[in-house]
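In: sharing a model prediction with you, sequence too.
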Amino acid sequence: MKNKESSMQAVLMKQAHDLQERIKEISCLYGISKLVEKPDISLEQIYQGVVNLIPSSWQYPEITCSQLTTKNKKISTKNFTDTLWKQSAEMIVYGRKTGTITVCYLKEMPKSHEGPFLKEERSLLNAIAERLGRTTEQKQAEKSLLKREKRLKKQNVLLEEKNIALRELMNQLLSEKKNMENRVLKNVDQLLLPLLMKLKNKGSQLDQSYIMLLEKNIRAITSSFGNEISRQMYKMTPREIEICNTIKAGMSSKETAELLNISYRSVETYRNYIRKKLGIVNQKVNLATYLKAL
């Protein structure tokens, strides 16, 4: 009877011990989750926190130490010593090994599943290494996203500055264009037109026709007709543009022929060419009126 009771007591003690070990494992994983969720915590702080959590989750916490080794540094518990009694797990980040977690006992203990370590401790160490790998990926992604956001904000600021500078330049160009237009108008009104008025009072009737046409052309400088009639879409020849000017000035084909010293028939032919290029062939549109509207 006593043997049976002793046996039952041993079973209960083992179950209690196993339960206590499982509670420690759960506490470790929970502690890691709470650590990772802390706002503004750095990756290095997470590493140190996890290393400090590990010893209390192993079977003999008082003689347990741990270390995380990465490419750039080693993060350890204060009592870490590399001994013969150890187990390790690799930390994988984006499919590549980036670190190793090592757990050591400071003295020899009874053998179990893996040296002195329990089977459950191997599983827990693997789970910790996997969690750290995923956390590292997440933190690196957040850091990369933050850098891109900062770079984007900087680019937006630069773009806005460029837009402001461009608007200022455009305003300056518009102002200069307006000033230039005013200077051209002023020079035409104060310099060219008075000279033409003086020339009108001299010379033959043919000279008067040239002067009149010249006056109208000078005035056209300040209107859109000169640009419109010579646009690429119309493809006017210099002679056709010359005849357009006489038509717009109200001169008849006969007067144009005399002015340009060409035949009346040539003028009529040019008028047909001009109508064709303007797209008003066989239309009841007065050519002079059409040209004045350009």
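Out: Great, that's in hand. None of these values were measured; they are calculated from a predicted model.
In: in what helix or strand does residue 137 lie?
Out: helix 119-187 (DSSP states H and E).
In: which other helices and strands contact that helix?
Out: helix 2-36, helix 43-53, strand 86-93, strand 96-105 (3 or more C-beta pairs under 8 Å, 6 or more residues apart in numbering; DSSP states H and E). Every residue, glycine included, has its C-beta placed from N, CA and C.
In: so what are the sheet partners of the shortest one and their directions?
Out: According to DSSP bridges, the neighbouring strands of strand 86-93, each with its direction, are strand 96-105 (antiparallel).
In: list the contacts of residue 129.
Out: Counting by C-beta atoms under 8 Å, 6 or more residues apart in numbering, residue 129 touches 89-92, 101.
In: if you set the cut-off to 7 Å instead, what comes out?
Out: 89-91, 101 (C-beta atoms under 7 Å, 6 or more residues apart in numbering).
In: any chance of those residues in JSON lines, plus neighbour count?
Out: Putting the contacts of residue 129 into JSON lines (neighbours: other C-beta atoms under 10 Å) gives the following:
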{"residue": "89", "neighbour count": "20"}
{"residue": "90", "neighbour count": "14"}
{"residue": "91", "neighbour count": "23"}
{"residue": "101", "neighbour count": "23"}
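In: which of the helices and strands packed on helix 119-187 has the lowest average pLDDT?
Out: Among the helices and strands packed on helix 119-187, helix 2-36 carries the lowest mean pLDDT, a mean of 68.
In: so how many other residues sit close to residue 59?
Out: Here the number of neighbours of residue 59 (other C-beta atoms under 10 Å) works out to 19.
In: hang on, it packs against residue 118?
Out: Yes: with contact defined as C-beta atoms under 7 Å, residue 59 reaches residue 118; the gap is 5.9 Å.
In: got a list of what the spatially most central residue of the chain touches?
Out: In the chain, the centroid-proximal residue (C-alpha atoms, centre = their mean) is residue 152; its distance is 6.7 Å. Listed by C-beta under 7 Å, 6+ apart, the contact set of residue 152 is empty.
In: also residue 52?
Out: Contacts of residue 52 by C-beta under 7 Å, 6+ apart are residue 77.
In: would CSV of the contacts of residue 129 with distance to residue 40 be doable?
Out: Conversion of the contacts of residue 129 to CSV gives the following (distance: C-beta to C-beta, whole Å):
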residue, distance to residue 40
89, 28
90, 28
91, 22
101, 24
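In: nearest to residue 173, of those residues?
Out: Nearest to residue 173 out of those is residue 91 (C-beta to C-beta; 60.7 Å).
In: bridged to the closest one, which residues?
Out: Beta-bridge partners of residue 91, as defined by DSSP bridges: residue 99.
In: so it touches residue 132, yeah?
Out: Yes: in this structure, residue 91 is within contact of residue 132 by C-beta under 7 Å, at 5.2 Å.
In: now for the two: what residues contact both?
Out: By C-beta under 7 Å, 6+ apart, no residue touches both residue 91 and residue 132.
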